[in-house]
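>>> Requesting a structural model of the entry that follows:
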Amino acid sequence: MNDERGRALGRRQFLQLALSCSAALLLGERGLAGSEAFSAGTSAKPRGHAAFEELPVGAVRPGGWLGTYLRKQAAELGSQLPHVSWPFTEPYWRDDSLRGFWWPWEQMAYWIDGATRLSLVLEDKALMRQVRETIDAALARIDGDGYLGPAAFKEPKADFHRWPHAILFRALSALSDANAAPTVVEAMTTHYLLDAADYGRSTRNVVNVESILWCYERTGDARLLALAEKAWADYLTVAADPEHGDLSKERTFASASINAHGVTYSETAKQPALLYIHTGKWEYLEFALAAQRRVFDHHMLIDGVPSTSEWYRGTTSLDCHETCDIVDHTWTWGYLMQATGEGRWGDLIERACFNAGPGAIKNDWKAVQYFSGPNQFLATLDSDHNAMAYGGRMMAYQPNPGQRTACCGGNVHRLMPNYVARMWMRTADGGLAATLYGPSKLTTTVGKEPIAIAQTTDYPFDETICLRFAMERAVAFPLSLRIPEWCDAPRLEVNGQGVALPKVEKGFVTLRRRFLPGDVVTLILPMRIKATRWPEYGVGLEHGPLVYALPIETEWAAVVEPPFSTTAYPSWNATPRSAWNYGLLDVGSARFERRAMTEDPWSHPPTALRVTARRIEGWTLKTNPQNPRQRFTPPLPEPSKRESVGGVETLTLVPYGATHLRLTIFPELAERR
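Below is the predicted model:
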């Protein structure tokens, strides 16, 4: 989007989340106990109400295909973005002389957080040195009054100038928890206790509640909890302002769809879940869960992410999502899993990370889409079919999609490092929970005993997950394993012998035993083909956590646009070279095929679905009447216009994440059953 549109959007969009929330949940203000410099207060149980607790970033290391994918990310845009495109080429957060709008600080902070987490999970020392150059410069410039951040935004303004802080502070907290930044807790705590900014207004400032509570958990300083609760209460009063809508008439969460900006809604709606974790107040969790129900009831797309381009929208074959929303919704769902202990949040995270995530990223990790979605038959610098940027560049593959609106180019780097970091969590009863699956190795302690668990699997391309235990001596603890809702016949083995599956509770089974060095626990999650129905008589196909799509053979044309792309990292026009105008016949006859596992399954898929189809006459790319050379992905044809031509063909569908141009929501030609 252009700067004028972006600024106008920025002034209004961040008020929308609270318009969907209940006035009955407005909370009374609680004053701070003082604004002195850092001092550890007291707190009974700062995190006593969490079902799960995440481990430090770096406790889980990726292996197999997952390690290959992350190493490719680190070698390409993960490390090269600061050498390729503005604003990442500028010294934001390192140089206080920089002035201007807040967006570049946000965008750079996204990359810093993603690259920090990427370097921690990979033990990538070169990438860590690159990231620390900026982080150490920011920490070295803390003001005498404790303020940590850009000098240009120190004085509180009627804008969300504490939003970039919330993003950067996530990177600082990850470093601190990994024992790589010992002064961070004190620095962040002092910043928050002495800062004159209002964290309840403007609206995105409230996302700092996440980091305020992180400081509270590590210091026990009750003033931080009071600050977090006051910020949330103040935030809700913004929505009660008659200028922005009167919530007094809305006593419960409505069933209506959401009229809000996706990233803002997702980032903000998780704050009460975090407050619940630290206070045990049910109304906080109720608020967070109700906000998510509206997402699921009205906006979820087949690839696991709600339609958010940039505002929440419908669920047709043309609806899309911003890449930032893939990252931010999965980040939020991770906190909901910690608060509730429910496995369904892990199901959601996997579906998004295995489908929408790689489906928005060029397989060589040199370009990303700003908007992506189930059906995209071309992706060029003028083919965007979304209402927010109709005819614009937001669907093209670019090293920095959106260019000056560079949030997705930075934020995308958080997606899979966050997935890896949250594959294991501690449980409230002193055990461990396998919350997300994939090839990896966990190194942690149970009680005081060091333990390592290697997860050997080709999941989600295979059904078998083997957990091998390594420790010096036997250790007794409860081991919880997530059972996805899509799996109706899971099996469990211990050291090669089948065992009765414990009762599934909240999406987990718990194995309580004395684990011995060398023990192997094997979980088998049989997958089946499932057809799902979509608006306009569309149909999609899934197998386990993976969605399948018809890959469209692609013609790639490079475009270099300084200062946003280079010859080595250009923008791309992607146009179709193969037929895509197919309707499905008899979806019940789809067949699953397994091939040899590959090192890079997104480039060389090891699984496929075989389906029967016919081409549909007259279903062609949409043309702009004012510019006949401009083309767009068309909607599904009306049922009365689905006249097929030619004979029956057998198509090979591959995992959604292995496609660039694709057909995922098919017109159905057979009668609906």
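
>>> so how far is the first residue of stretch 367-380 from its last?
From its first residue to its last, stretch 367-380 covers 13 Å (CA to CA, to the nearest Å).

>>> what do you get for stretch 611-623?
Length of stretch 611-623, first residue to last, CA to CA: 29 Å.

>>> Pull the residues that contact that stretch.
Residues outside stretch 611-623 that contact it (CB atoms under 8 Å, 6 or more residues apart in numbering) are 377-378, 385, 541, 579, 581-587, 589-591, 630-635, 637, 641-651, 653, 666-667, 669. Placement of C-beta: from N, CA and C, glycine included.

>>> ok, now how distant is residue 266 from residue 76?
27 Å (CB to CB, to the nearest Å).

>>> Please name the residues that touch residue 292.
Applying CB under 8 Å, 6+ apart to residue 292 gives the contacts 269, 332-333, 336.

>>> let's see it at 7 Å
269, 336 (CB atoms under 7 Å, 6 or more residues apart in numbering).

>>> hmm, back to that, buried subset of the contacts of stretch 611-623 as a ChimeraX selection?
Burial among the contacts of stretch 611-623 is assessed by 16 or more other CB atoms under 10 Å; the matching ChimeraX selection reads:
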select :377,378,385,541,581,582,583,584,585,587,590,631,632,633,634,635,637,642,644,651,653,666,667,669
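
>>> which stretches of the protein have low pLDDT?
In the predicted model, the chain carries pLDDT under 70 at residues 1-47, 158, 239-255, 670-673.

>>> How about the secondary structure of the residue nearest to the spatial centre of it?
Nearest to the geometric centre of the chain sits residue 327, at 2.2 Å (CA atoms, centre = their mean). With DSSP: H, G, I helix; E, B strand; the rest coil as the basis, residue 327 sits in helix.

>>> please begin residue numbering at 44 from this point
In the new count, where the first residue is 44, that last one comes out as residue 370.

>>> That one touches residue 457, doesn't it?
Yes: Residue 370 is in contact with residue 457 according to CB atoms under 7 Å; the separation is 5.1 Å.

>>> How far does stretch 583-591 sit from its chain's centre?
Distance of stretch 583-591 from its chain centroid, counting by CA atoms, centre = their mean, to the nearest Å, is 19 Å.

>>> In strands, which of the contacts of stretch 654-666 fall?
Among the contacts of stretch 654-666, the members found in strands (DSSP state E) are 584, 625-628, 634, 673-675, 687-694, 696, 709-710.

>>> So which residues of the stretch 144-293 of the chain form helices?
Remark: helices assigned in the stretch 144-293 of the chain by DSSP state H, counting those that start in this stretch are 146-165, 168-183, 206-220, 227-237, 252-262, 265-283.

>>> Of these, which is nearest residue 414?
When these are compared by CB to CB, helix 146-165 sits nearest residue 414, at 16.9 Å.

>>> tell me what the closest one is packed against?
strand 103-105, helix 107-118, helix 120-127, helix 168-183, helix 206-220, helix 450-454, helix 458-464 (3 or more CB pairs under 7 Å, 6 or more residues apart in numbering; DSSP states H and E).

>>> What distance do you get for residue 251 to residue 215?
Taking CB to CB, one finds residue 251 at 12 Å from residue 215.
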